[in-house]
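Student: let me see the structure of the following:
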Amino acid sequence: MTEQTFLAPGEPVDLDNCAREPIHIPGSVQPRGVLLVVQEAGSVVLQASANVETVLGRPVDVVLGRTLGEVLGESPARVVLEQLAAVPDHRTRNPGLVHVDAGGRTAVLDVVVHRPPPATAEDPGPVFVVELEVADGPRPLTYASTYESVRDAIADLNRAGALTDLYDTAARHVRRLTGFDRVMIYRFDAEYNGEVVAEAKRADLEPFLGLHYPASDIPPQARALYEKSWIRLISDVDYVPVPVLPTDEPLRGAPLDLTYATLRSVSPIHCEYLRNMGVRASMSISLLRDGKLWGMVACHHYAGPHAPSYGVRAAAEFLGVALSARLVAQVEEDLLAESRRASGVLARLVAASRDEDVRLAQAVTRTDDLLSLVPADGVVVCAGGDLATRGRVPDEAVCRALASWGAGVGDTVHATDHLAADPGAPEAAAAAGVAGAVALALPDGGAVVWLREEVVRTVDWGGDPHHKALVVPDGDGVRLSPRQSFDLWREHVRGRSAPWDERHVSNAGDLRGHLVEALFRRGQAEVSAARAIQRTLLPTSLPSVPGWAVDARYEPAGTGQVGGDWYDVVPLPDGRIALVVGDVTGHGLATAAAMGQLRNATRAYLVDAAPPAVVLARVGALARWSLPGQMATMLVAVLDPATGDLEYAKAGHLPPLVVRADGAAAWEPVRGSALIGLLDGEPATAHVALGPGDAVLLLTDGVVERRGESLRVGLDRAAADVGRPAVGHLDALVDRLRDPASDDDATLVLLARD
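Tutor: You can find the predicted model right below:
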């Protein structure tokens, strides 16, 4: 689209159409100079701009097909070729200076040489481009003279101690160098909306400082060109584009890529945009950070066409490069200062997290350090199942919803200043006044979420950013025209918080590593404590009962956590023997503590000579009162050694597995009963008569259950595989019955009659 942007029938009317304009291959140049495309082999001119006669005194049809020596003269051609071959990046040697015989007069020309972008990384291309402009200013242009022209500016930039000082210094010096009526430093946000952060201008001009401009004013493909070619001049917005002839580069049969051309013709929509602003000439210098477009130096002239010489442009470009470098350095300095400050805050938070006498969530919210590390109105911490807050936060229900959302953000720190638009964010948070959040997930399913309230921002735009384009009649159709009004347009932005600084988001990422370590360390301590408790709960020895043999095995889960299985064998005062097997739901210290309470209560009730069903009823009542929400299964059996009668009752547990003297094995009937924690009243009582050679096994479900298999199948398999259990051989029996991939504890108690 070299003339204007037309709309196809039914195509939406929007400046987004401009994003498809191939501005790197316009097929034309600006008329302030001429362009030649030269074949590498033989230096033959393949293409030329149609205005070549105005500079070289030779019509374009005479130039095409001639060697560069024939067109420029042998001496100027040699300068061009030497300039092309001098260094890998020949653009660093631009411009050269040549004297050309132009139809009987001597033309002193700046010569700029570059290669078009290669079709592939391995293909440097068969042609190079020569651009010629009438030389102006002191010559020859050298590094030293370029540096001299910006020496004061560099010194001022180095003295600047803050970003605002850098912006003002750069704008002032670029205007002094180039003579433009207005020079602005333009900074992009994350969405490439621009803000004028510094300005140097003619006194009579309306100020643009502080105005914002929408990202659509500079389409994506234009931003991409600014990252490759750092400076662009439009000396007269009313120029008539000069076509490059022939249109396609002959060797490739494709339009010539003018990405690096200083004379590249620009989009007619952009020229119209500038005319709508009253601008007659424009120059832009890219400001890059890590190779990406961070901002621009935008120069405008209103009094008429304005064409700074290449030397002046080179000096301004050098200043732009220096500003980019100083900008990066200043950002790094600010990051270093923030890092030092944050390190002190982190050190205090790490120390707090190591106080294992205090729950982690409580430990890190005892002071405002979390709100100092990441400035926010409030913070929610969920760790180890505990919830704690600091600062201004919503009610507990909303805080828990935010913690749940934060737990799902993955391994990276997630930041948003528009929480309501974030997928999965709790709707109640916005209703509670939360507009922005930074969240990090913890490996235990917890999270830390910093919160910011809504900040109603007033944004002053240079024209209404929502009316990006107008439809202008053009013959029988229409074409797009850019915004025609740049009057102050004020917008009140709602539903957003103040944006999060990337330095503070980085601080949150640093904290996550320390919290993960603290959780691991606390988890290890908790596992050690739970194992110690569990060891005290398991019998150190089993009683000797004349005529009977008793044996037991406990196999922990393979997860490294302490489970809820326990067993007990208790001689009773009347000579009977009580056997207990239990399984508390969950893992860890809380589960081990619950095991201890249930075990001791069971012993007490058994010693009181209560029958199994009464023992379970009392344990169930105790659990509902002292362990609300805790669930467990239990089986309590009492053996009369003299008669072989085994009386038992169970709460949600597996029944006994009886193995007769002849080897026949069968489960006692399964009678439904509620779990401890839900049991209200006495469960059913049953009796088993054990004769000589008979045995009974009391198991937890970890012995028989397997993933993807019903419990009934597991019970049938266990009965078939149990064989003749014998004292001293329970390890092999557990290995035979248990799922090798099981992540549950396995407990087995054997009672066998001689």
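Student: helix/strand/coil for Thr540?
Tutor: With DSSP: H, G, I helix; E, B strand; the rest coil as the basis, Thr540 sits in coil.
Student: end to end on stretch 229-246, go ahead and measure it.
Tutor: One end of stretch 229-246 sits 24 Å from the other (CA to CA, to the nearest Å).
Student: how distant is that stretch from the center of its chain?
Tutor: 41 Å (CA atoms, centre = their mean, to the nearest Å).
Student: how about that stretch: buried residues?
Tutor: 229-237, 239, 241-245 (16 or more other CB atoms under 10 Å). All C-beta spots, glycine's among them, are computed from the backbone N, C-alpha and C.
Student: which of those residues sit farthest apart?
Tutor: Trp230 and Leu245 (28.4 Å; CB to CB).
Student: now Asp739: how far from Asp716?
Tutor: Distance of Asp739 to Asp716, computed by CB to CB, to the nearest Å: 15 Å.
Student: which SS state does the closest residue to Phe180 other than its chain neighbours fall under?
Tutor: Among residues not flanking Phe180 along the chain, Cys299 sits closest, at 3.9 Å (CB to CB, 6 or more residues apart in numbering). Assigned state for Cys299: strand (three-state reduction, three-state DSSP).
Student: wouldn't Cys299 be in contact with Val174 here?
Tutor: Yes: using CB atoms under 8 Å, Cys299 is in contact with Val174, at 6.8 Å.
Student: longest helix of this structure?
Tutor: Across the chain, the helix with the greatest residue count (assigned by DSSP state H) is helix 310-353.
Student: and the next element down the chain from that helix?
Tutor: Later in the chain than helix 310-353, the nearest helix or strand by DSSP states H and E is helix 360-363.
Student: the helix or strand following that next one packs against which elements?
Tutor: For helix 360-363, the succeeding helix or strand toward the C-terminus, using DSSP H and E, is helix 369-373. Identification of packing neighbours for helix 369-373 by 3 or more CB pairs under 8 Å, 6 or more residues apart in numbering; DSSP states H and E yields helix 310-353, strand 378-383, strand 386-391, strand 447-453, helix 502-537.
Student: okay, the ones you listed in TSV with distance to Ser267 next?
Tutor: Below are these laid out as TSV (distance: least, CB to CB, whole Å):
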stretch	distance to Ser267
helix 310-353	20
strand 378-383	48
strand 386-391	50
strand 447-453	40
helix 502-537	33
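Student: returning to that earlier point: what residues does the residue nearest to Phe180 make contact with?
Tutor: Residues in contact with Cys299 (CB atoms under 8 Å, 6 or more residues apart in numbering) are Val174, Arg175, Thr178, Phe180, Arg182, Val183, Met184, Ser282, Met283, Ser284, Ile285.
Student: Ala593: which of these is nearest?
Tutor: Ala593 lies nearest to Met184 out of the contacts of Cys299, by CB to CB, at 67.8 Å.
Student: mind checking which helix or strand the closest one is in?
Tutor: strand 182-188.
Student: gap between the closest residue to Ala388 other than its chain neighbours and Ala447?
Tutor: Using CB to CB, 6+ apart and skipping the chain neighbours, the partner closest in space to Ala388 is Ala361 (3.9 Å). Ala361 sits 10 Å away from Ala447, going by CB to CB.
Student: repeat for Ala613
Tutor: Ala613 sits at a distance of 46 Å from Ala447 (criterion: CB to CB).
Student: how about Ala578, what does it touch?
Tutor: Ala578 touches Asp568, Val569, Val570, Pro571, Leu572, Leu606, Val636, Ala637, Val638, Leu639, counting by CB under 8 Å, 6+ apart.
Student: now the fifth one: phi and psi?
Tutor: In other words, Leu572. The phi/psi pair for Leu572 (degrees, to the nearest 10) reads phi -100, psi 160.
Student: where exactly do the strands run in the stretch 501-650 of the chain?
Tutor: With DSSP state E, counting those that start in this stretch as the criterion, the stretch 501-650 of the chain has strands at 548-555, 565-571, 577-584, 632-640, 645-651.
Student: do you know which of those strands lies nearest Asp417?
Tutor: That would be, of the strands of the stretch 501-650 of the chain and by CB to CB, strand 577-584, which comes in at 45.7 Å.
Student: any idea of the mean pLDDT in the closest one?
Tutor: What strand 577-584 shows for mean pLDDT is 92.
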